[in-house]
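Engineer: Take a look and give me a structure for this.
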Amino acid sequence: MPEPVRKQLPRWRAVALILLILGGLGMVLARDADLQWWQKRRLQGQGAMRYEQMRPLPAQRGVIYADNGKPLAVNVPAVTIWVDPRIFDRYQSRWNQVAAALHMDPAVLSRRVHGGGSAFAYIQRQVHPQLGQALDALHVPGIYVEKTSRTYYPMGPVTTALLGLVHLDHHGAAGLERGYDSWLAGTPGSERVLVDGKGEVLRVLGHPVPAREGHSLHLTISPEIQYWAYMTLLAAQRHFGAANGSAVVMNVHNGHILAMVSVPSCNPNSRNGCSNPLDYVNSAVHQALEPGSVMKPFVIAAALKTGAVQVDQTFNVAHCLPIGGFCIRDDVTHRKLNLAHILKYSSDIGAAKVALRTQPDAIYGMYRAAGFGTASDLGFSGETAGVLPLPQTWDRARHATIALGYGVSVTTLQLADAYAAIANGGYHFPPVLVRGQNGTPQKIMSASIAAHLRHWLEGVCAANGTGILAAIPGYRVAGKTGTANLANGKGGFLKNKTNATFVGFAPGFSPDLVMAVSLRGSTKHWNFGGVESAPVFRVTMRHALEQRDVAPRWCGGKVCQSRESRVTTVQAEIWAEGGGGK
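Structural biologist: Take a look at the predicted model:
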């Protein structure tokens, strides 16, 4: 039987097969080399983007303390909740559970998930840690709880205008929080972590960069005096329908600010509690006003200092004083008044005559030396210096009316600061709000002039004086009322809206504290400085003196009372309105 013929494959086929195999192997090796060598960095970078993350380590903000060491602004634990939409979107069936745990409407949750970036979106920021605990218990992939902190203010709205607010990014938004942000704010740290496909942290890579806490700030504020100043000012604002108001209490011996309050205010501890910017304006430094008659003592001081008038000089105030086409009048007609009575009855005619006898440079110099026209540099962004025109721009009308508190604008802080110089014997101390920042005092009037003014200003707070409602049983009080009609923006003044001001100090024989009170735009009742602002001084100052252990005077086993014991409230209000004895 013949053997079958074996056909040999063509040689070229074997070669082609070998080449094909070698080619395929070469392609695999080339691809492997491409991935292992040429694309190594890119692929490692993509892997790191998916499984390595840089997560921030929050820094604690510095604490703000009061003079007695009690905290006014502190850090409390909070959590921030965020999602990675790429992961969280896969678990939409559990979104209702998440929304319920966060006390949130599911539609709001959905909007926030898709309202951020493709890999990150905030759900809630700086919320109570209990919400984070409830969320962690659900174990829903793609939503994360980050530990952080938020600023809490123990005194709530009492200190809002002073301290301000903090943004969600832990930087100051207003008040001292903004002015001292670089000092108070900490420096966040960071750590590199490895996460799994669900975003859970597997381990920390390398060494984390630790966060650095912010510095603390120690103020001169007395919490007790701050509280009473705010509460009494708020009551007066509501009673008289004022648009806003402010008050400042200072130590006359060193310029330390013991209280600085403004109304209206808001509670920064409640979410969206301070949504209206007008509710946290510090009117004591950010709002200048025409102060009215509280400027008269400084005109008299300038006149006495230059010898333009004498201590015992009298002035005829029986008739109005023609100035620039109008007549300066008094609310109550008097005949002749000395300097003490010009202050006691707040005589515009008398003060204008004193001003016209005094050189404009002398009045301007006294105003500047007392701190008017100059910002205090306490750390408040946007603080106003007020308006004090240069003396060479004064005409006769400006020369006369600037003594009455018109044509000049000042802040409540400036008023308290200026009156402290009268109270302490003639030295102007730069105001101090942060401990350790004491300034150098400047002598602006002689001790003799200051003593005369203190004695005369005591008369303002006695019977027939416009400041009778500032009187405190058992204490000698000195001060001055001021009432100025608000400008109408058309070159005139509103008849029924005023700046009502009172500035005073106590105890009169040896002053320790000074307080300035301003209420703006009042529309109800008798809107005079002696009626609106003087009672705020009386209540606050009484508590302040008690808090500082300044004892009242005792007469036969009881606190001394005014000799005019039969003065009724109505009579006192008439005097405070300007209707004192002739």
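
Engineer: ok, now which ones touch the closest residue in space to Asn424 that isn't next to it in sequence?
Structural biologist: Ranked by Cβ to Cβ, 6 or more residues apart in numbering and with sequence neighbours excluded, the top spatial neighbour of Asn424 is Val252, at 4.5 Å. Backbone N, C-alpha and C define where each C-beta goes, glycine included. Contacts of Val252 were listed using Cβ atoms under 8 Å, 6 or more residues apart in numbering, and they are 420, 423-424, 505, 511-514.

Engineer: Same check on Asn267?
Structural biologist: 156-157, 160, 273-274.

Engineer: try 10 Å
Structural biologist: Contacts of Asn267 were listed using Cβ atoms under 10 Å, 6 or more residues apart in numbering, and they are 153, 156-158, 160, 273-274, 279.

Engineer: Then Asp279?
Structural biologist: 157, 160-161, 244, 262-268, 273.

Engineer: Surely it forms part of a helix?
Structural biologist: Yes. Under DSSP: H, G, I helix; E, B strand; the rest coil, Asp279 falls within a helix.

Engineer: Could you tell me what pLDDT the model assigned to it?
Structural biologist: At Asp279, the pLDDT value in this model is 91.

Engineer: Quick one: neighbours of the closest residue to it other than its chain neighbours, just the number.
Structural biologist: Once flanking residues are discounted, Asp279 sits nearest to Cys266: 3.9 Å by Cβ to Cβ, 6+ apart. Using other Cβ atoms under 10 Å, Cys266 is surrounded by 20 other residues.

Engineer: One more: Arg31?
Structural biologist: Look at Arg31: counted by other Cβ under 10 Å, it has 11 neighbours.

Engineer: Can you give the domain ranges for this protein?
Structural biologist: Residue ranges for the domains of the chain, per automatic domain parsing: 54-218, 223-577.

Engineer: Can you tell me which of these is packed in deepest?
Structural biologist: Mean neighbours per residue, mean count of other Cβ atoms under 10 Å, is largest over the domains of the chain for domain 223-577, with a mean of 20.

Engineer: By mean pLDDT, point me to the weakest helix or strand of the protein.
Structural biologist: Lowest on mean pLDDT, DSSP states H and E among the helices and strands of the chain sits helix 569-577, with a mean of 48.

Engineer: So the residue nearest to Asn424 versus Gln547, what's the distance?
Structural biologist: Separation of Val252 from Gln547 (Cβ to Cβ, to the nearest Å): 16 Å.

Engineer: mind checking the longest helix of the chain?
Structural biologist: Determined from DSSP state H, the single longest helix within the chain is helix 11-33.

Engineer: can you give me how far it is from the chain middle?
Structural biologist: Put simply, helix 11-33 sits 79 Å off its chain's centre (Cα atoms, centre = their mean, to the nearest Å).

Engineer: did I read that right, Thr481 in a strand?
Structural biologist: Yes. Assessed by three-state DSSP, Thr481 belongs to a strand.

Engineer: For it, give me its contacts.
Structural biologist: Applying Cβ under 10 Å, 6+ apart, the residues contacting Thr481 are 292-294, 296, 343, 346, 460-461, 465-470, 500-504, 528-534, 576-578.

Engineer: Same check on Val410?
Structural biologist: Contact analysis of Val410 by Cβ under 10 Å, 6+ apart lists 288-291, 294-295, 367, 370-373, 384-388, 417-418, 482, 501, 516, 518.

Engineer: For it, list each beta-bridge partner.
Structural biologist: Leu289 (DSSP bridges).

Engineer: State whether Val145 is indeed within a helix.
Structural biologist: No. Counting by three-state DSSP, Val145 falls outside a helix, being strand.

Engineer: ok, it to His114 distance?
Structural biologist: 20 Å.

Engineer: can you check Pro430 too?
Structural biologist: Pro430 sits 54 Å away from His114, going by Cβ to Cβ.

Engineer: next one: Leu356
Structural biologist: From Leu356 across to His114, the span is 73 Å (Cβ to Cβ).

Engineer: Hmm, which of the contacts of Asn267 is lowest in pLDDT?
Structural biologist: Among the contacts of Asn267, pLDDT bottoms out at Gly273, giving 83.

Engineer: Need the phi and psi values for it.
Structural biologist: Per-residue torsions, Gly273: phi -70, psi -20 (degrees, to the nearest 10).

Engineer: quick one: secondary structure of the closest residue to it other than its chain neighbours?
Structural biologist: Closest residue to Gly273 apart from its sequence neighbours, by Cβ to Cβ, 6+ apart: Asn267 at 4.3 Å. In three-state terms, and counting by three-state DSSP, Asn267 is coil.

Engineer: Looking at Asn267 now. What's its pLDDT?
Structural biologist: Note on Asn267: pLDDT of 94.

Engineer: Gly371 too?
Structural biologist: Gly371 carries a pLDDT score of 96 in this model.

Engineer: got it, and Leu35?
Structural biologist: Looking at Leu35, its pLDDT reads 63.

Engineer: Please apply the same query to the one 3 residues further on.
Structural biologist: With respect to pLDDT, Trp38 has a value of 65.

Engineer: that older thread, of the contacts of Asp279, just say which sits nearest to Leu138.
Structural biologist: Gly273 (29.5 Å; Cβ to Cβ).

Engineer: quick one: contacts for the closest one?
Structural biologist: Going by Cβ under 10 Å, 6+ apart, Gly273 touches 156-157, 160, 165, 266-267, 279-280.

Engineer: Switch these over to CSV; also include distance to Gly23.
Structural biologist: Output for those, formatted as CSV (distance: Cβ to Cβ, whole Å):
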residue, distance to Gly23
Gly156, 79
Pro157, 81
Thr160, 78
Leu165, 71
Cys266, 77
Asn267, 77
Asp279, 78
Tyr280, 76
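
Engineer: End to end on stretch 126-139, go ahead and measure it.
Structural biologist: End-to-end distance of stretch 126-139: 21 Å, with Cα to Cα, to the nearest Å as the criterion.

Engineer: Point out where the stretch 151-300 of the chain drops to low pLDDT.
Structural biologist: 193, 195-202, 206 (pLDDT under 70).

Engineer: any idea how far the residue nearest to Asp279 lies from Asn276?
Structural biologist: In terms of Cβ to Cβ, Cys266 sits 7 Å off from Asn276.

Engineer: Check Asp67 too.
Structural biologist: According to Cβ to Cβ, Asp67 and Asn276 sit 30 Å apart.

Engineer: and the contacts of Thr481, which of them are in strands?
Structural biologist: Residues of the contacts of Thr481 located in strands (DSSP state E): 500-504.

Engineer: Just give me the closest of those residues to Asp331.
Structural biologist: Nearest to Asp331, judged by Cβ to Cβ, of the ones in strands among the contacts of Thr481 is Ala500 at 14.3 Å.
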